[in-house]
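Asks: Got a predicted model here, sequence first, then my questions.
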Amino acid sequence: MRAATAYAHPNIALVKYWGKRNDELNIPATPSLALTLGDLRTTTHVEETTSSVVVLDDERVDDNKINGWLAQLRRQFDLPHIRIESSSNFPANSGLASSASGFAALTLATSTAFELDLSLQEQCDWARRGSASAARSLHGGFVTLEPRENTCRVSQILHENEWDLSVAVAITSDRSKSTGSTIGMTASRDTSPFYEAWTRTTIDAFGLGLSAVQNKDFPALAQVAEASCRHMHALMLSTEPSLIYWNAATLHCIEAVERMRAGGINVFYTIDAGSHVKAVCESDAVNEVSDRLRQFEGVHGVVVSSIGGPAQLVSER
Ligand code: 2P0
């Protein structure tokens, strides 16, 4: 029986992706830049079976995205039915990028178990078809995802050991997000009066973010990342019906990060499609940053992570 297990880390975008150029091929409208969260991980086991089954965090699910992805892969490579079992050491569907780590681990496990002989770029293509941000989670460190004609180019900009940053993730809700990313970003593209400005400014932000990472220029990266986050949430707010992912604790954490930075700590915030706040800082400040965030009402806990490496194979048969 063919089987394999792999894990991957989620990633958080510093220059964000929100909106597709091609829905069918799942190609983003703009480039994005992310870092990998090494202490969060999704582990996925796949094996040959007689009828395809998907089990996420011990619960059997009927997930359209995973089913569609699996059907495409099985057709393309003439594969048997596959059982997928996946679990994460962090909450799914809450803006912590579980679909990124999930599809990255799934792609690596499947391509290994069934000896698909895919290059890293081809693995990124398959992961991207499941969830565009998943292409970034096959790499470690700082990673870019750039749209091309019928595909995307994925590149590592800095290795995980090249810049000693950490992330304090303030968990500000125990609920799943109200609108999933795929539906939300399609609605933003179709209804927001600011969508054209979003894509235009994101292309500029990507260039600035890329050189900030290459030069390890923290203040420059802080400025670009916070602006990209606020612009994306402004786009979400201007979508019809409105996408409001923040809650009161989100705003308290933003204010706290701004105050810490004014007090001389190198820290900035970023927030994805959910209410949690990720505070990116120099590693020697991460204990102080997480202690400060933990004090607020509505913050359920703070998870600290260093920058992580690429997706890895755990075992194969
Ligand atoms: C990002 N997000 O760049 C942005 C910021 C969330 C907010 O990519 O439709 O799960 O599967 O390609 O990749 C989340 O969207 O969406 C995401 P699909 P995906 O990280």
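Replies: Now that the structure is in, tell me what you want to look at.
Asks: Sort out which residues of the host helix or strand of A127 are buried, please.
Replies: Taking DSSP states H and E as the definition, one finds A127 inside helix 120-130. Buried residues in helix 120-130, counting neighbours by 16 or more other Cβ atoms under 10 Å, are found at 123-130. To be clear about C-beta, it is placed using only N, CA and C from the backbone, and glycine gets the same treatment.
Asks: Which single one of these is nearest to R153?
Replies: When those are compared for distance to R153 (Cβ to Cβ), C124 wins out at 8.5 Å.
Asks: Tell me the pLDDT of the closest one.
Replies: At C124, the predicted lDDT confidence score is 97.
Asks: next one: A97
Replies: Confidence for A97, expressed as pLDDT, is 70.
Asks: which residue packs closest to it, ignoring adjacent ones?
Replies: The spatially closest residue to A97, leaving aside those adjacent along the chain, is P10, at 3.6 Å (Cβ to Cβ, 6 or more residues apart in numbering).
Asks: And for that neighbour, the neighbour number?
Replies: Each residue near P10 was counted by other Cβ atoms under 10 Å, and the total is 29.
Asks: ok, V224 to A170 distance?
Replies: Between V224 and A170 the distance is 21 Å, computed by Cβ to Cβ, to the nearest Å.
Asks: Report the residue spans of the chain with pLDDT below the cut-off.
Replies: 94-95 (pLDDT under 70).
Asks: Residue numbers of it in contact with the ligand?
Replies: Taking Cβ under 6 Å from any ligand atom, the part of the chain that reaches the ligand is made up of 13, 16-18, 26, 32, 99, 131-133, 181-182, 272-273.
Asks: Now for those: which two are most distant?
Replies: With distance counted by Cβ to Cβ, no two of the residues of the chain next to the ligand lie farther apart than N26 and D272, which are 17.5 Å apart.
Asks: For the two, indicate the residue with more neighbours.
Replies: For N26 against D272, the residue with the higher neighbour count under other Cβ under 10 Å is D272, and the figures read 25 against 20.
Asks: now that one, what's its secondary structure?
Replies: Here D272 is recorded as coil under DSSP: H, G, I helix; E, B strand; the rest coil.
Asks: for the residue nearest to S181 when sequence neighbours are not counted, what are its contacts?
Replies: The spatially closest residue to S181, leaving aside those adjacent along the chain, is A273, at 4.8 Å (Cβ to Cβ, 6+ apart). When contacts are counted by Cβ atoms under 8 Å, 6 or more residues apart in numbering, A273 is found next to 95, 177, 179-181, 184, 236, 243, 245.
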